[in-house]
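Novice: my questions are about this predicted structure, shown below with the sequence.
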Amino acid sequence: MSPHIEKLLVIQDRDRRLIQLEQQLRRIPSERLEIEERAKAAAGRLEELKLRLKQTESDRKQLEVEATAKRAQADKYRSQQLQTKKNEEYQALAREIEGCEKAVREIEDRELDLMEQAEKLAAEIKAEQQLLHEVNAQADRQRAAIAKREADTKAEIEKLKAERAELSRSVDESFLGRYERIMRHRRDAAIVPVQHGNCGGCHLQLPPQTVHQAKGSEELVTCDECGRILYWVAEYEHAPQAAR
């Protein structure tokens with residue numbers, strides 16, 4: 001294998017790792033956002049339950065006010081009953097008292113329903129508070145893990161960039177420039193092996209002359225179809241036909 005190819009393959013290994021690491025870094029903001037959204041959703045559920053409990057308590061207190069007013073009205077009618085001497089007025093007041101007492105019973109039934117709702121909501125709030133605590137604890141662990149992974153990834157990127165820069169100084173500038181142009185375009189690989197007479201990048205059959213050049217030339221040989229730089233791997237030379 002050409003020494004130029006050997007050096008470029010090492011650089012390509014660093015470049016492919018750099019691409020992988022940079023992709024990982026670009027995913028980190030979305031990972032962080034997902035963590036924050038889960039924590040926010042849990043906090044939102046708890047806040048919603050608290051608001052429902054607050055409204056339930058407010059409704060119950062309003063019913064208490066209404067019941068008190070109805071009782072006071074009934075007492076007023078009873079006082080009027082004691083003062084009237086007319087049977088017709090007495091019976092009319094009795095009906096009013098009965099209506100007030102019925103209204104009070106209905107209000108008390110609604111109060112009981114609201115009290116049951118309040119108890120249920122209180123239990124749900126307690127459970128949701130525990131869940132929120134667990135979600136926040138998990139979020140803290142995930143934030144710390146992501147921060148460490150981000151720092152480690154950035155450190156590895158800097159290390160690889162330094163290694164690449166050092167390696168690049170030992171490669172012919174024209175060869176390096178050609179490799180870099182192809183790599184910017186292809187992203188996955190600029191240098192690929194000849195595999196059973198095919199290009200290891202686009203997998204199309206190569207002309208015999210191109211295969212021969214890749215096997216023995218010191219110059220950079222490229223695939224006519226995809227433009228990638230080719231290199232020869234001896235293990236494919238005598239591969240069984242079935243493998244083709």
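Specialist: Noted; the coordinates are in hand. Numbers count the residues shown, from 1 in each chain.
Novice: could you use CA atoms for every contact and neighbour count after this?
Specialist: Will do.
Novice: nearest residue to Gln81 other than its sequence neighbours?
Specialist: For Gln81, ignoring the flanking residues on the chain, the nearest one in space by Cα to Cα, 6 or more residues apart in numbering is Tyr90 at 5.5 Å.
Novice: helix or strand for the one you found, which one?
Specialist: Per DSSP states H and E: Tyr90 is located in helix 87-168.
Novice: list the helices and strands that helix packs on?
Specialist: Applying 3 or more Cα pairs under 8 Å, 6 or more residues apart in numbering; DSSP states H and E, we find helix 87-168 packed against helix 3-83.
Novice: how far off helix 87-168 does the helix it packs on point, in degrees?
Specialist: 170 degrees (axes from the mean of the first three to the mean of the last three Cα atoms, to 10 degrees).
Novice: where's the spatially most central residue of the chain relative to Cys100, distance?
Specialist: The residue lying closest to the centre of the chain (Cα atoms, centre = their mean) is Glu34, at 3.1 Å. Distance, Glu34 to Cys100, using Cα to Cα, to the nearest Å: 56 Å.
Novice: near the residue nearest to Leu46 when sequence neighbours are not counted, how many other residues are there?
Specialist: Distances taken as Cα to Cα, 6+ apart place Glu128 nearest to Leu46, at 5.8 Å, with adjacent residues excluded. The tally of other residues near Glu128 (other Cα atoms under 10 Å) stands at 18.
Novice: so what's Glu128 up against?
Specialist: The contact partners of Glu128, by Cα atoms under 8 Å, 6 or more residues apart in numbering, come to Ala42, Arg45, Leu46.
Novice: returning to that earlier point: against Arg78, how distant is the residue nearest to Gln81?
Specialist: 9 Å.
Novice: count the residues that sit near Ile229.
Specialist: 24.
Novice: give me the helix or strand of this structure that scores worst on average pLDDT.
Specialist: Of all helical and strand segments in the chain, the minimum by mean pLDDT, DSSP states H and E falls on helix 208-216, at a mean of 90.
Novice: what pairs with whichever helix or strand comes after that one, parallel or antiparallel?
Specialist: The element immediately downstream of helix 208-216 (helix or strand, assigned by DSSP H and E) is strand 221-222. Strand 221-222 pairs in its sheet with strand 229-232 (antiparallel), by DSSP bridges.
Novice: helix, strand or coil for the residue sitting furthest away from the middle of the chain?
Specialist: Farthest-out residue of the chain from its mean C-alpha position, per Cα atoms, centre = their mean: Lys85, at 79.1 Å. For Lys85, the assignment made with DSSP: H, G, I helix; E, B strand; the rest coil gives coil.
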